[in-house]
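Peer 1: structural data only, the sequence is not supplied:
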Ligand SMILES: O=C(CO)[C@@H](O)[C@H](O)[C@H](O)[C@H](O)COP(=O)(O)O
Ligand SMILES: [Zn+2]
């Protein structure tokens, strides 16, 4: 590997560490993590669920997190209700084809969202139209609406009850902070319902 590439890799890793440290020191971001976790706990206790959506890498994050609720994160326990709106290719292609790509998440929210559920939209730019419309649909339907975005929140922030503004510039690093924050949310909910036994 050439020295320029080695330097790129070192700089990228250093930037990732800096961004994660900034998140760890960001009390506003942590408040959003707590609010998402508390809203999700309330919703699950009442028989509701967590809905997640995102595009590209954030679609993968939505699926990753939904799976950890349904399967497990830190330890064995009963399943928790969460669903990523990014996984049903028939729904995505039919809605995209018949109503437009902007509607792919909003229509699913309208179909399966119920008042008291939680919607988490993940968009690094805060501007993806399909996430903005899904947040609007979720709000209209009485869901709790949260966003994970980059530094400035984009247009999503004004559509959400609270928005985590990841303290990073590059899209890829923003995504790394989102998955870190989402792991914390999932761990808090898991610990709430299934407190780890004392040693
Ligand atoms: O994973 C990456 C970049 O790291 C890409 O796939 C990225 O997610 C896509 O370009 C998305 O379409 C970006 O959308 P958004 O985060 O601005 O809503
Ligand atoms: Zn990526």
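Peer 2: Thanks, I have the structure now. Here the structure is a predicted model, which is why all the values come from computation and not from measurement. Ligands and ions are numbered 1, 2, ... in the order given.

Peer 1: so who does residue 190 touch?
Peer 2: By C-beta atoms under 8 Å, 6 or more residues apart in numbering, the contact list for residue 190 reads 72-75, 77, 80. Every residue, glycine included, has its C-beta placed from N, CA and C.

Peer 1: now, which of the residues you listed sits nearest residue 110?
Peer 2: residue 80 (23.1 Å; C-beta to C-beta).

Peer 1: burial count for that closest one?
Peer 2: Look at residue 80: counted by other C-beta atoms under 10 Å, it has 23 neighbours.

Peer 1: now the strands for the chain?
Peer 2: Listed in chain order, the strands of the chain (DSSP state E) span 50-54, 82-84, 118-122, 144-149, 162-165.

Peer 1: okay, now the unreliable bits of this protein?
Peer 2: Per-residue confidence for the chain (pLDDT under 70) gives these ranges: 198-199.

Peer 1: ok, and the closest non-adjacent residue to residue 166?
Peer 2: Across the structure, with C-beta to C-beta, 6 or more residues apart in numbering as the measure, the residue nearest residue 166 apart from its sequence neighbours is residue 177 (3.9 Å).

Peer 1: can you mark which positions in stretch 23-39 are buried?
Peer 2: Within stretch 23-39, the residues that qualify as buried by neighbour count (16 or more other C-beta atoms under 10 Å) are 23, 26, 29, 32-33, 35-39.

Peer 1: point out the most buried one among the strands of the chain.
Peer 2: Each of these was given a mean neighbour count from mean count of other C-beta atoms under 10 Å, and the largest, a mean of 30, is that of strand 118-122.

Peer 1: look up how far residue 196 lies from the closest residue in space to residue 35 that isn't next to it in sequence.
Peer 2: If you skip the residues right next to it in sequence, residue 35 has residue 162 as its closest partner in space, 4.9 Å away by C-beta to C-beta, 6+ apart. With distances defined as C-beta to C-beta, to the nearest Å, the gap from residue 162 to residue 196 amounts to 27 Å.

Peer 1: quick check: residues of this protein near ligand 1?
Peer 2: Where the chain comes near ligand 1, counting by C-beta under 6 Å from any ligand atom, the residues are 55-58, 123-125, 128, 171-172, 175.

Peer 1: and those, which of them are buried?
Peer 2: With neighbours counted by 16+ other C-beta under 10 Å, the residues of the chain next to ligand 1 contain buried members at 55, 57-58, 123-125, 128, 175.

Peer 1: run through the helices of this protein in chain order.
Peer 2: The residue ranges that make up the helices of the chain, judged by DSSP state H, are 3-24, 27-45, 57-70, 89-99, 106-112, 129-140, 171-193.
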